[in-house]
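> Compute the structure for the input listed below.
(one chain, ligands or ions: 1)
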Amino acid sequence: MRNPFNKINDSKNSTTSEAAVDTPTRAGRTGRILGMSAVLSVGLMAVSTSTPAMAVESSTEQTQEKALDTTIERASQTVTIDASAVTASIERDSYSVGELAAAVPAVAAVEAPAPEPAPAPAPEWVLPVTGNISSPYGPRANKPVPGVGAFHYGIDLAGPSGTPIQAVASGTVVAAGVLGTYGNWVLIDHGNGVQTGYAHSSAIVVSVGQVVSAGETVALRGSTGASTGPHLHFEVRVNGDRIDPAPFMADRGVTLGQ
Ligand SMILES: [Zn+2]
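Numbering: from 1, shown residues only. Here you go, the predicted structure:
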């Protein structure tokens, strides 16, 4: 980076050389233009006195430094002498800061309202229980136990006994008790002609008329009724017809058998 002082010096040297060349020429030709000569003389004087002028500037800087020192001294004197004034100043500052802090949220709220994170919506349909599909919906080649029909009107989800069985959607309990080969049986009405049933549980934890939400425990997996092992017999009824629960639940984002 070029030193600015060098630039200033170059400029002054250039001015000096031009004046040295021009002055004798113009003075020789037009001695009658006294005014111009006077101006040039003044210009030369200004150039010749440039060095003393810098000295003056230097002394001016020193004077300013002194003045600054004086100001600092005066300021420190003020702080030392007038303690009440300092206290008042601090109080004003703290008041100003408090006022600013209060104003910032208001301005931020107006200019850039913080986007509210959307709360995760509660799932409308959930898995009734984990477990492997031990028997799918449809015709069965062999009856697992006597008394069980040749056509399987639900899906069996096998797994440990006692595992909580959840309502797959919100609804109202319309049946809760022992029902023949179903053993402990819970039926939930979800409205719009849709009902879900839960059979063979070891225990029922809801009662008829109870309103449940999706994911709420309604029973515990067991092997009551016509059953050879702990599993949930899960049914879906639409307008009274027992349909295949797998595609019905898949359409609602739930994959049975996991
Ligand atoms: Zn079954």
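> so P247 sits in a helix?
Yes: P247: assigned to a helix according to DSSP: H, G, I helix; E, B strand; the rest coil.
> Look up how far the ion lies from it.
Distance, P247 to the ion, by CB to the ion, to the nearest Å: 17 Å. In this view, the C-beta of every residue, glycine as well, is placed from N, C-alpha and C.
> count of residues packed around that residue?
Other residues within reach of P247, judged by other CB atoms under 10 Å, total 12.
> State the distance from it to V174.
Computed as CB to CB, to the nearest Å, the P247 to V174 distance reads 24 Å.
> Okay, buried residues for stretch 235-255 please.
235-237, 242-246, 248-249, 254 (16 or more other CB atoms under 10 Å).
> ugh, wrong one, I meant stretch 216-226
Judged by neighbour count (16+ other CB under 10 Å), stretch 216-226 contains these buried residues: 216, 218-226.
> So what sits opposite the residue of the stretch 1-150 of the chain found nearest the ion in the bridge?
Here the residue of the stretch 1-150 of the chain nearest the ion is S135; by CB to the ion that distance is 5.6 Å. Beta-bridge partners recorded for S135 (DSSP bridges): D156.
> And it, how far from A176?
Separation of S135 from A176 (CB to CB): 24 Å.
> Could you list the contact residues of the stretch 51-200 of the chain toward the ion?
Within the stretch 51-200 of the chain, the positions near the ion by CB under 5 Å from the ion are 154, 156.
> all strands of the stretch 51-200 of the chain, in order?
Using DSSP state E, counting those that start in this stretch, the strands of the stretch 51-200 of the chain run over residues 132-135, 138-139, 151-152, 155-158, 164-166, 171-178, 184-191, 194-201.
> what about the residue in the stretch 51-200 of the chain positioned nearest to the ion, distance to R237?
Distances between the stretch 51-200 of the chain and the ion by CB to the ion are smallest at D156, namely 4.1 Å. Noted for D156: a distance of 17 Å to R237, by CB to CB.
> what residues does stretch 227-246 touch?
With CB atoms under 8 Å, 6 or more residues apart in numbering as the test, stretch 227-246 has contacts from 128-129, 131, 134-138, 144-145, 153-161, 165, 182-183, 193-202, 221-223, 248-249, 256-257.
> How about the residue of the stretch 151-258 of the chain found nearest the ion: what's its closest non-neighbour residue?
For the stretch 151-258 of the chain, the residue closest to the ion is H233, as judged by CB to the ion, at 3.2 Å. Excluding the flanking residues, the one nearest H233 by CB to CB, 6 or more residues apart in numbering is A199, at 3.8 Å.
> Check what pLDDT that neighbour gets.
Looking at A199, its pLDDT stands at 98.
> Hmm, Y182 and it touching each other?
Yes: with contact defined as CB atoms under 8 Å, A199 counts as touching Y182 (3.9 Å).
> Quickly list what's touching both of these two.
Joint contacts of A199 and Y182 (CB under 8 Å, 6+ apart) are 225, 233.
> neighbour-wise, which of the two wins?
Of the pair A199 and Y182, A199 is the one with more neighbours under other CB under 10 Å, namely 27 against 23.
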